[in-house]
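J.: this one's sequence-less:
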């Protein structure tokens, strides 16, 4: 598996977007696509697509383009979507609830086993496909059932301590919505931080820049 | 305003994160910080921080570090947080509701004026600080009140058509949660796409890669 070591995080980071487009093309009934046509749809260049796919050995046949069904399967394998990964969700506020009710965890390769919260009034509730359990049961649960990742939708203040405990108990990855930059804590496992406020501020900044460009012109 | 043209999207994209850290330091009562100390906290190098800030004219004094209060103010201006921007939210499902109830729009520079939905059973409801209005009133509302941006939390299928109408009516930016890559539609305004499934799949992929690295070692 030497290949894997050489692939940059940037290339890895682009794979979900390829997968999304390929799924869309499949849903439209398309069976084969050239790197040029895929590039046009995605706003990339054909050579970038070929380079990215070559990191994983390349999936096309020169002159024939990509078989959509096969490409989807290859990308799903790279993304680990068939690895039977499991998750728990920690903190059932509005965001946790919105994710449990709406987010297609299974489409992203994960089955959510349980949610945990310290608010006893919601313990036992079924939200989406998932039941809420007492926060104090989480430690034993994780040790016994070994879920792969934890979705952190709890409050920012307690996030570092909870994250450390989860890692000690064997969690292998964190999907972090708390606003705390947990990848800096030296946890030693993959952390995917989602900072919605950064995203909204970027929009603010781009709107300002765009407006002043047009005012000057 | 020549400077603005030269600043790359990558530099702009890093500003919200700087702002987040500076707010945190201010909340901890810290008044001054060197680029070296800030770099350590953020997992960057001091020279990258100095380079980024120099794009906007630099905010520090050689040998004295950065004054936190002043730096926060400068970053807030760059991010347009004091521009009095306004927003509407389109589509009040679980995600729209979670954002209205929890997301600190004002902290990110926006006041949400109204939410719009076609489900008449929720029209008139107050969610967070915001009232839900009929979707069919949106067109006239936007023409008259000229909100700056629209938060799109409606279904993916209708997203491109709704986005086009909003742009025609004068909306200046989109915060897009629909899963559709709207920046490719040639709308001519800034679009910030939030793809949660891409984020979760990246985590899946990193967990797989991390696991196989450790299995081999």
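T.: On my side now, so go ahead. Small disclaimer: the values here were computed from a predicted structure and weren't measured.
J.: number of residues surrounding residue A:139?
T.: Neighbours of residue A:139 under the rule other C-beta atoms under 10 Å in any protein chain shown: 14. No exception for glycine: its C-beta is placed from N, CA and C like everyone else's.
J.: quick check: phi and psi at it.
T.: phi -50, psi -50 (degrees, to the nearest 10).
J.: which ones are touching it?
T.: Taking C-beta atoms under 8 Å, 6 or more residues apart in numbering or on different chains, we find residue A:139 in contact with A:165, A:169.
J.: and residue A:138, by the same measure?
T.: Per C-beta under 8 Å, 6+ apart, neighbours of residue A:138: A:88, A:90, A:116.
J.: what sits opposite the second one in the beta ladder?
T.: Meaning residue A:90. Beta bridges link residue A:90 to residue A:116, residue A:152, judged by DSSP bridges.
J.: thought it was touching residue A:149?
T.: No - taking contacts as C-beta atoms under 8 Å, residue A:90 lies outside contact range of residue A:149: 10.6 Å.
J.: turn the contacts of residue A:138 into a markdown table, including pLDDT.
T.: Compiled in a markdown table, those are given as follows (pLDDT from 0 to 100):
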| residue | pLDDT |
| --- | --- |
| A:88 | 98 |
| A:90 | 98 |
| A:116 | 98 |
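J.: closest to residue A:176 out of those residues?
T.: Nearest to residue A:176 among these: residue A:90, at 10.2 Å, using C-beta to C-beta.
J.: and for the closest one, the neighbour number?
T.: 26.
J.: residues contacting it?
T.: If you count contacts by C-beta under 8 Å, 6+ apart, then residue A:90 has A:96, A:115-117, A:135, A:138, A:150-154, A:162, A:166 around it.
J.: now the spatially closest residue to residue A:80 that is not a sequence neighbour: how far from residue A:149?
T.: Nearest residue to residue A:80, sequence neighbours excluded (C-beta to C-beta, 6 or more residues apart in numbering or on different chains): residue B:208, at 3.9 Å. In this structure, residue B:208 and residue A:149 are 11 Å apart, going by C-beta to C-beta, to the nearest Å.
J.: swap in residue A:131?
T.: For residue A:131, the distance to residue A:149 - C-beta to C-beta - is 18 Å.
J.: okay, the two: which has more neighbours?
T.: The neighbour comparison of residue A:131 against residue A:149 (other C-beta under 10 Å) goes to residue A:149, with 27 against 13.
J.: does that one touch residue A:176 like I think?
T.: No - using C-beta under 8 Å, residue A:149 is not in contact with residue A:176, being 10.3 Å away.
J.: can you give me the end-to-end distance of stretch A:101-111?
T.: 13 Å (C-alpha to C-alpha, to the nearest Å).
J.: stretch A:74-88 now?
T.: 27 Å.
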